[in-house]
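**Q** Requesting a structural model of the entry that follows:
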Amino acid sequence: MTFQRDGVSISLFWFTFFGALGIFFPYYSLYLKENAGLTGTQLGLVLSVMPLVGIVAQPFWGQVADRTGARGRLVAFLSMVSAAGFVLLGLAQGFVFILLAAVFLACFSTPVIPLSVSVALAAFRYSGPHAYGFARSWGTVGFLASVLIFPVALDRVQQWQGPGPAPGGPSEPGLGVMFLGAAVIVLLASAIGLALPREGIASLRAARGEWRVLLRRGPMRRMLLFAFSAYLFVTGPMGLLPVYVRAHGGTLETVQNMWILMLVVEIPLILCTGMGLKRIGARGLLAAGVLAGGVRWTVCGLTANPYWIYPVQMLHGVMVTGLMMGGPLYVDRVAPGRLRSTAQGLVAMVGLGIGGIASNTAAGWLLDNVNANAPYLIGGAGALVVGLAICRILPPVAHEDEQPQEAADAG
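**A** Numbers count the residues shown, from 1 in each chain. Reported below is the predicted structural model:
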């Protein structure tokens, strides 16, 4: 009964929180470029704020979670403050104020996913990867639901507001409403977060300074190297996808259709994570993810032909499943349970943080100084190299036999 209750609360939290991200991320760079009027370099800098702040925020809040054991309650608190961050970002005008608002949002939003992953992996510790994959798939369903619903809602809002796009102005003048929509949904996620698991393994506490144990483990250090290399090449192109689509004559509807195609493939792949883990292991999932990203971005860099671009977006599901599922599962095998939040935060810091900063900044510079295809060509080639070298970067690992100790500590 406890497992069922935990599974429902985790699934509902991810459905709502990722639902908010489904309003925000597909159109964020388009809003910054067209509605806020930022240059390519300014766009790259603002997109880099999330990973930059995450470098500090993710390990900091991970340590708070591991030291206090209050992982579930911390997820709810961070989600609540993130809702305020979305509102502030929507109200900000001008590069400097947008940058500051993005910093505030990132302080509280970037740790939410790594922390909720650590809660879920603890709750499903004895249930196998199928349970984790099933719960995580609801996040993708929520993201897809928002991608489908938001453009329709945006059309209604813009019709209510009055005149359509002005010559030389943004293609979607009412796009800023996405911040309010994201804030409302994240606030709902915060309320659901109060029901996340609080006892047993999810409440284990680490001793002061014990996080150093992680950096003494060879597989953990090598996982940090892999995370940096992978996200260095895949993050920037992902953030600029709406700008890339617009540069080749696409519309908001084009972006929406691409996301639908991506997510429809992603859902069954995430559901099959348990099967994939048994067959190819966490390292195999990571290899599949980064190689899929390499092929996807290379094709986007070489051509703008929609007959190639649309089908290759289906690799998004493989990329996300491999990196976002394989990564946490690999980390959970090499990190002690009492340090699981810190470990997930460290990997997010190095990958999405440091790697993401370099990737977004480089992609923005290439957009300004070369063309819209350059970030994709370079990102795709780099990701292919990293994927092919994964066996030299990451050692295979067996599942650590920590369950008896965790059970004893939890009791």
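**Q** Let me know the helix or strand that Tyr310 is in.
**A** Element membership of Tyr310 [criterion: DSSP states H and E] is helix 306-312.
**Q** Check which residues of that helix are buried.
**A** Neighbour counts using 16 or more other C-beta atoms under 10 Å place 309, 312 of helix 306-312 among the buried residues. Quick note: C-beta positions are derived from backbone N, CA and C, even for glycine.
**Q** helices or strands next to it in the packing?
**A** Helix 306-312 sits against helix 252-271, helix 273-302, with contacts defined as 3 or more C-beta pairs under 8 Å, 6 or more residues apart in numbering; DSSP states H and E.
**Q** Try it again at 7 Å.
**A** helix 273-302 (3 or more C-beta pairs under 7 Å, 6 or more residues apart in numbering; DSSP states H and E).
**Q** that older thread, chain center to the helix holding Tyr310, what's the gap?
**A** 23 Å (C-alpha atoms, centre = their mean, to the nearest Å).
**Q** quick one: contacts of that helix?
**A** 258, 261, 296, 299-300 (C-beta atoms under 7 Å, 6 or more residues apart in numbering).
**Q** Go again with 6 Å.
**A** With contact meaning C-beta atoms under 6 Å, 6 or more residues apart in numbering, helix 306-312 is reached by 296, 299.
**Q** Now whichever helix or strand comes after that helix - C-alpha only, PDB.
**A** Going down the chain from helix 306-312, the next helix or strand is helix 315-320, by DSSP H and E. Presented in PDB, the C-alpha positions along helix 315-320 are these (Å, rounded to 0.1, in the frame of the first residue of the first chain):
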ATOM      1  CA  LEU A 315      15.600  10.400 -32.000                       C
ATOM      2  CA  HIS A 316      14.800  12.900 -29.200                       C
ATOM      3  CA  GLY A 317      13.100  10.100 -27.300                       C
ATOM      4  CA  VAL A 318      16.200   7.900 -27.500                       C
ATOM      5  CA  MET A 319      18.400  10.800 -26.500                       C
ATOM      6  CA  VAL A 320      16.400  11.800 -23.500                       C
END
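**Q** and Pro375, what is it in contact with?
**A** Applying C-beta under 6 Å, 6+ apart, the residues contacting Pro375 are 236-237, 240, 363, 366.
**Q** Identify the residue spatially nearest to Arg246, adjacent ones excluded.
**A** Leu30 (6.8 Å; C-beta to C-beta, 6 or more residues apart in numbering).
**Q** Please check the contacts of Pro375 and keep the buried ones.
**A** 236-237, 240, 363, 366.
**Q** Turn the contacts of Pro375 into CSV, including pLDDT and secondary structure.
**A** Shown next, in CSV, are these (pLDDT from 0 to 100; DSSP: H, G, I helix; E, B strand; the rest coil):
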residue, pLDDT, secondary structure
Gly236, 85, helix
Pro237, 88, helix
Leu240, 79, coil
Ala363, 86, helix
Leu366, 88, helix
